[in-house]
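*Asks:* pasting the sequence and the predicted coordinates here, then a few questions.
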Amino acid sequence: MHATAPQQPTGTGAYAARVEALLAELGIPVSAFAHRGLPFFPEPAELVVAQTDADGREHRLTPAANAAWQAMAAAARADGIELYIVSAYRDLERQADIIRRKQRLGVPLERILAASAPPGYSEHHTGRAVDINTPGCRALEEEFEHTEAFRWLTRHAGAFGFTLSFPRGNRYGYIFEPWHWLCAESP
């Protein structure tokens, strides 16, 4: 793990101020994650709908990440693998809601921060991160690692600009997330 402090909120003043306010409201001091060296992520300028799920929820990505996602999902389908988005872009409030829900359940802050980034520090804020699943697998569970979809992604995702963000023992101290993939800036 990194021993460096996380980047402080920068970018638009209102965005950075909202991050600081949410961290204070959630009772998350920067010292709770400073040792992990988490990068600060500004929100993207433009998002497009990449996929709409059965419940009508729109999953949005940047235009470049969407193009890469569409190409990757099509290539997987051609190989008999179905991939779908469970989560993509999240704004600050959605990230805070995830943490609030865990806090209401009594989950200790250390455990929350091992699985969920504080607002402002989630790759989902970039509009380039996707949580992926495949039929027959519970969403956002480590069992995804044992699917044909995960094996396909490990062999082919890089060709579309996607990398697995949080492998076992990742430098940020997050739990292993075989479902979480980040697209490079350009497809």
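*Replies:* Sure, I can see it.
*Asks:* okay, Asp91: pLDDT?
*Replies:* Predicted confidence (pLDDT) for Asp91: 97.
*Asks:* the chain: helices as residue ranges?
*Replies:* All helices of the chain, identified by DSSP state H, fall at 13-26, 63-78, 92-104, 109-115, 148-156.
*Asks:* of those helices, which is nearest Ala129?
*Replies:* Closest to Ala129 of the helices of the chain is helix 63-78 (Cβ to Cβ; 8.2 Å). In short, each C-beta sits where N, CA and C put it, glycine included.
*Asks:* buried deepest among the helices of the chain, which one?
*Replies:* Greatest average neighbour count among those goes to helix 63-78 (a mean of 19), per mean count of other Cβ atoms under 10 Å.
*Asks:* report the angle between that one and helix 148-156.
*Replies:* Angle of helix 63-78 versus helix 148-156, following axes from the mean of the first three to the mean of the last three Cα atoms, to 10 degrees, is 120 degrees.
*Asks:* list the helices and strands helix 63-78 packs on?
*Replies:* If contacts are counted by 3 or more Cβ pairs under 8 Å, 6 or more residues apart in numbering; DSSP states H and E, helix 63-78 sits against strand 48-52, helix 148-156, strand 180-183.
*Asks:* what's that helix in contact with?
*Replies:* Helix 63-78 has contacts (Cβ atoms under 8 Å, 6 or more residues apart in numbering) with 46, 48, 50-51, 61, 82-85, 127-128, 130, 149, 152-153, 156-157, 160-162, 183-187.
*Asks:* whichever of those residues end up buried, select them in ChimeraX.
*Replies:* Paste this into ChimeraX to select the buried members of these, with burial taken from 16 or more other Cβ atoms under 10 Å:
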select :50,51,61,83,84,85,127,128,130,149,152,153,157,160,161,162,183,187
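*Asks:* nearest spatial neighbour of Arg168, chain-adjacent residues omitted?
*Replies:* In this structure, Arg168 finds its nearest non-sequential neighbour in Phe176, 4.6 Å apart by Cβ to Cβ, 6 or more residues apart in numbering.
*Asks:* list the residues that contact that neighbour.
*Replies:* 142, 145, 166-168, 170.
*Asks:* now do 7 Å
*Replies:* Phe176 makes contact with 142, 166-168, according to Cβ atoms under 7 Å, 6 or more residues apart in numbering.
*Asks:* who wins for neighbours among the residues you listed?
*Replies:* The residue in these with the most neighbours, by other Cβ atoms under 10 Å, is Phe166 (20 neighbours).
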